[in-house]
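Asks: Provide a 3D model corresponding to the input given below.
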Amino acid sequence: MKPYVLKSGPDRPAEPTFSLKYEDELNAGQLAAVTAVDGPILVIAGAGSGKTRTLVYRVARLIESGIPPESILLLTFTRKASEEMLRRVGALIGLRTDRVTGGTFHSVANMLLRRYGRAIGLEPGFTILDRGDSEDVINLLRTQQGLNDKARRFPRKNTINEIFSKSVNKLLPVEDVVLGEFPQFTDEIEDLQKLCRAFESYKRSRLLVDYDDLLVRLRELLDTDEGVRQRVSEAYRYVLVDEYQDTNRLQAEIVRRIAATHDNVMVVGDDSQSIYAFRGATFRNIMDFPKLFPGTRIFKLEENYRSTQPILTLANEVINLAAEKYSKTLFTRKGEGPSPVLVKAGDENTQSRFVAQRILELREEGVPLEEIAVLFRSSFHSFDLEIELTRRNIPFVKRGGFKFIETAHVKDILAHLRVVENPKDAVSWNRLLMLLDGVGPRKSQTLIEAMLAEDGGGLAALKAAAEKGAGAQALRDLVRLLEDIGGGSSMTPAEQMNAVCGYYLPLLKQQYDDYPKRTKDLEHLYTIAARYGKLDSFLADLTLEPPDTSLFDVEAADRDAERLVLSTIHSAKGLEWHTVFIIWALDGKFPSLYSMTADEDIEEERRLFYVAVTRAKQNLYVSYPVNIFDRASGMVLSKPSRFIEEVRSDCLDTWSLIDEDDFRD
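Replies: The predicted structure is shown next:
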């Protein structure tokens, strides 16, 4: 019989060729997750197990498999994280990855709403309010409704904003949030509901969107416009989500809707590191993902590349006692290291003295200060230690403080730029008008109402007020500035910023005695503005991804560059150090007495302790003071944290502290 050879037809795709030897680059768990292509996938990534590496190789593999880069959506919790991942993908496969959409939930929501928002009545020129702006609006409405004049105590603006935010992120009515978390304001529920409705109406009528609204309006868009939902889902055929354990219910619903035409969703996270319930994140998302996406395949990453085995053994012991979890056992190929140490201190100052002394010893042994961290449950737990460190001249930096964008002087500058971009932004108008001599709250509100009544949001009302009366010259100067930088101006954001700074510097000097320090932030802001060609992009990015710290708040430049890190455990998640001290591991303080009334709160405290333990690479010290009187409960606290007491005794060395003078006696 004569053979007849069939040639490959044009519709038969060639087998993909891979430039990377994935099986040589990844361990078995990582490889399984990376090479699975279609369908829902849940990757349970233990602490230090190469989660980011898995995501990077997953994106590379999809692209090398012939998936168009523009059909990949990578959702992370910081823009920096997505940019770094995509940079690494490009370096791996030698291709540009700028067609992959990467960013935070909020930045992607911002992009989609500006593109499709008209379908739900949202014009693309909307302004994004930061937390402080939202609180200012709430305070204005609170005053207008007479809620600040009541004899009974009404919650402050920041508390109200927190209630409204939790209502949005947990998909709960305001009433349920108040009853569950703010029962002291039960009598105010009706007024809070009324205020919430007024807040929503105020924002919608003025083209204002707060941080939570970005997600709310995106879900509204995907729910109400089937055409947009189909378009978005078909555009992003492969969705990857980092840190899924930190998502809230709203974010989980958005992921489900983006995947409306397919189930190609990979989420990566660690149920054992779900510690942000106070921000609205829910542990249930990662536990219930297989229910949301039936047919989910689960892969586990258990090989740890950070810590020694004794530290991992303790971490495994702590988390194995969790009531609900995905079972996993962290292991490492690293050699044995020292056992974690449990240190009992006679009182708080003895604990502080131990930590300071041991840090100095470690430094003499060659461990740099920046490779040492002291972690604690609550910020105030470090106060005594800070005094002791200062006394011994040990330089340190404490995680926290004002965010750059929350400093008053930066908010002042941005207010001038925001009214150029959105003339209906009453919050920013009020801020910049209140800087002027001769303009008080009443006059500011009158001017704003007059401007908002103008067609197109012109400056006629301001010009009329600048003709005569108190503040006339200041208003003329303001009008001149806004005419220069607004309207048909061809200025770049940096040029607009420069003009505003020239106008604002005299006001800065009037407002603040320490204005020379604050000008450093304005220089920093100018540097950021210079990266942008459009004002709307500059303002949106600055609100969505603000720089972490204000230069005004940072220690003097001549401080020792080598500094110990003090941090709450929440702020330390995702970081690692050679040596970690966990202080105040005292039952009643960690877990706190307040968490002991609900099982889910205790479980979150357990996960928080697990996160603290797994930050250490080589040395771990856990200390607790004894005979501590707790005023709130009237109890004397002396037992180590239950999370330590529950584990096997051979997981820890125990040290007793002896004063040198007592030892000599």
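Asks: List phi and psi for Val622.
Replies: Dihedral angles phi and psi of Val622 (degrees, to the nearest 10) take the values phi -120, psi 120.
Asks: is it true that Leu31 touches Glu23?
Replies: Yes: using CB atoms under 8 Å, Leu31 makes contact with Glu23 at a distance of 5.9 Å. C-beta here means a position set from N, CA and C on the backbone, and glycine is covered the same way.
Asks: So between the two, which is more surrounded?
Replies: Leu31 (18 against 11; other CB atoms under 10 Å).
Asks: Quick check: that one vs Val43, distance?
Replies: Counting by CB to CB, to the nearest Å, the gap from Leu31 to Val43 is 12 Å.
Asks: go on, Pro183?
Replies: Taking CB to CB, one finds Pro183 at 39 Å from Val43.
Asks: where does the stretch 1-150 of the chain have low pLDDT?
Replies: 8-15, 149-150 (pLDDT under 70).
Asks: ditto for the stretch 451-600 of the chain
Replies: The low-confidence ranges in the stretch 451-600 of the chain, as defined by pLDDT under 70, are 455-458, 470, 487, 513-514, 517, 545-561.
Asks: what about the helices in it?
Replies: 460-465, 472-485, 493-511, 515-529, 535-544, 569-572, 599-613 (DSSP state H, counting those that start in this stretch).
Asks: With the stretch 151-300 of the chain instead?
Replies: 157-169, 174-181, 189-205, 211-224, 226-235, 249-258, 283-292.
Asks: quick one: buried residues of the fifth one?
Replies: When you say that, I think you mean helix 226-235. By neighbour count on 16 or more other CB atoms under 10 Å, the buried set for helix 226-235 is Val228, Arg229, Val232, Ser233.
Asks: angle of that helix against helix 211-224?
Replies: Here helix 226-235 points in a direction 100 degrees away from that of helix 211-224 (axes from the mean of the first three to the mean of the last three CA atoms, to 10 degrees).
Asks: Now do helix 226-235, average pLDDT.
Replies: Average pLDDT, helix 226-235: 94.
Asks: Summarise which helices and strands that helix is packed against.
Replies: The contact analysis (3 or more CB pairs under 8 Å, 6 or more residues apart in numbering; DSSP states H and E) places helix 226-235 against helix 105-116, helix 211-224, helix 249-258.
Asks: Give me the angle between that helix and helix 105-116.
Replies: Using the same axes, to 10 degrees: helix 226-235 against helix 105-116 is 120 degrees.
Asks: now helix 226-235: how far from the chain's centre is it?
Replies: 28 Å (CA atoms, centre = their mean, to the nearest Å).
Asks: Name the residues that touch it?
Replies: Contacts to helix 226-235, defined as CB atoms under 8 Å, 6 or more residues apart in numbering, come from residues 70-71, 112, 116, 119, 221-223, 257-262.
Asks: Taking the residues you listed together, which two end up most distant?
Replies: Using CB to CB, those span at most 24.6 Å, a distance reached by Glu70 and Asp223.
Asks: mind listing the strands for the stretch 301-450 of the chain?
Replies: Ranges of strands in the stretch 301-450 of the chain, per DSSP state E, counting those that start in this stretch, are 341-345, 372-376, 396-398.
Asks: Keeping just the C-alphas, turn the second one into PDB.
Replies: Output in PDB follows, covering the C-alpha atoms of strand 372-376 (Å, rounded to 0.1, in the frame of the first residue of the first chain):
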ATOM      1  CA  ILE A 372      16.600  43.300  62.500                       C
ATOM      2  CA  ALA A 373      12.900  44.100  63.200                       C
ATOM      3  CA  VAL A 374      10.800  44.400  66.400                       C
ATOM      4  CA  LEU A 375       7.200  43.500  65.700                       C
ATOM      5  CA  PHE A 376       4.200  44.100  67.900                       C
END
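Asks: so where's the stretch 251-400 of the chain uncertain?
Replies: Looking at the stretch 251-400 of the chain by pLDDT under 70, you get 335, 400.
Asks: mind listing what the spatially most central residue of the chain touches?
Replies: By CA atoms, centre = their mean, the chain has its centre lying nearest to Phe77, at 6.4 Å. By CB under 8 Å, 6+ apart, the contact list for Phe77 reads Thr104, Phe105, Asp242, Glu243, Asp246.
Asks: List just the nearest of the residues you listed to Lys203.
Replies: Out of those, the member with the shortest distance to Lys203 (by CB to CB) is Phe105, at 19.2 Å.
Asks: can I assume the closest one is in contact with Ile254?
Replies: Yes: with contact defined as CB under 8 Å, Phe105 reaches Ile254; the gap is 6.9 Å.
Asks: list residues touching both of these two?
Replies: What both Phe105 and Ile254 touch, as defined by CB under 8 Å, 6+ apart, is the set Leu215.
Asks: Of Pro183 and Val43, which one has the most company?
Replies: Val43 (28 against 8).
Asks: if we can go back for a sec, any chance of the strands of the stretch 301-450 of the chain in JSON lines, with distance to Arg563 and mean neighbour count too?
Replies: Listed next are the strands of the stretch 301-450 of the chain as JSON lines, based on distance: least, CB to CB, whole Å; neighbours: other CB atoms under 10 Å:
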{"stretch": "strand 341-345", "distance to Arg563": "23", "mean neighbour count": "21"}
{"stretch": "strand 372-376", "distance to Arg563": "10", "mean neighbour count": "26"}
{"stretch": "strand 396-398", "distance to Arg563": "5", "mean neighbour count": "18"}
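Asks: Save those strands as JSON lines, and put in distance to Asp484 too.
Replies: Converted to JSON lines, these look like this (distance: least, CB to CB, whole Å):
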{"stretch": "strand 341-345", "distance to Asp484": "63"}
{"stretch": "strand 372-376", "distance to Asp484": "49"}
{"stretch": "strand 396-398", "distance to Asp484": "41"}
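Asks: do you know which of those strands lies nearest Pro16?
Replies: strand 372-376 (43.9 Å).
Asks: Show me the contact partners of that closest one.
Replies: Contacts for strand 372-376 (CB under 8 Å, 6+ apart): 355, 359, 362-363, 382, 385, 564-569, 572, 575, 577-584, 612, 615.
Asks: can you rerun that using 6 Å?
Replies: 359, 382, 564-567, 569, 572, 577, 579-584, 612 (CB atoms under 6 Å, 6 or more residues apart in numbering).
Asks: out of the helices of the stretch 151-300 of the chain, nearest to Val89?
Replies: It is, among the helices of the stretch 151-300 of the chain and with distance given as CB to CB, helix 226-235, at 19.3 Å.
Asks: Next one: Tyr273 from Ile163, what distance?
Replies: Let me fix one detail, which is that residue 273 is Gln and not Tyr. Taken as CB to CB, the span from Gln273 to Ile163 is 27 Å.
Asks: And for Ile413?
Replies: Taken as CB to CB, the span from Ile413 to Ile163 is 30 Å.
Asks: now swap in Leu657 and tell me
Replies: Leu657 sits at a distance of 44 Å from Ile163 (criterion: CB to CB).
Asks: number of nearby residues for the nearest residue to Phe182 once chain neighbours are set aside?
Replies: Distances taken as CB to CB, 6 or more residues apart in numbering place Ile163 nearest to Phe182, at 6.2 Å, with adjacent residues excluded. The tally of other residues near Ile163 (other CB under 10 Å) stands at 22.
Asks: Ile163 touches Asp176, doesn't it?
Replies: No: with contact defined as CB atoms under 6 Å, Ile163 does not reach Asp176; the gap is 10.4 Å.
Asks: Dump the helices of the stretch 151-300 of the chain to JSON lines, plus distance to Arg391.
Replies: Formatted as JSON lines, these follow (distance: least, CB to CB, whole Å):
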{"stretch": "helix 157-169", "distance to Arg391": "34"}
{"stretch": "helix 174-181", "distance to Arg391": "39"}
{"stretch": "helix 189-205", "distance to Arg391": "47"}
{"stretch": "helix 211-224", "distance to Arg391": "41"}
{"stretch": "helix 226-235", "distance to Arg391": "58"}
{"stretch": "helix 249-258", "distance to Arg391": "46"}
{"stretch": "helix 283-292", "distance to Arg391": "41"}
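Asks: Mind checking those for the one nearest to Asp130?
Replies: Of all the helices of the stretch 151-300 of the chain, helix 211-224 comes closest under CB to CB, at 7.1 Å.
Asks: Need phi/psi at Gly102.
Replies: phi -130, psi 140.
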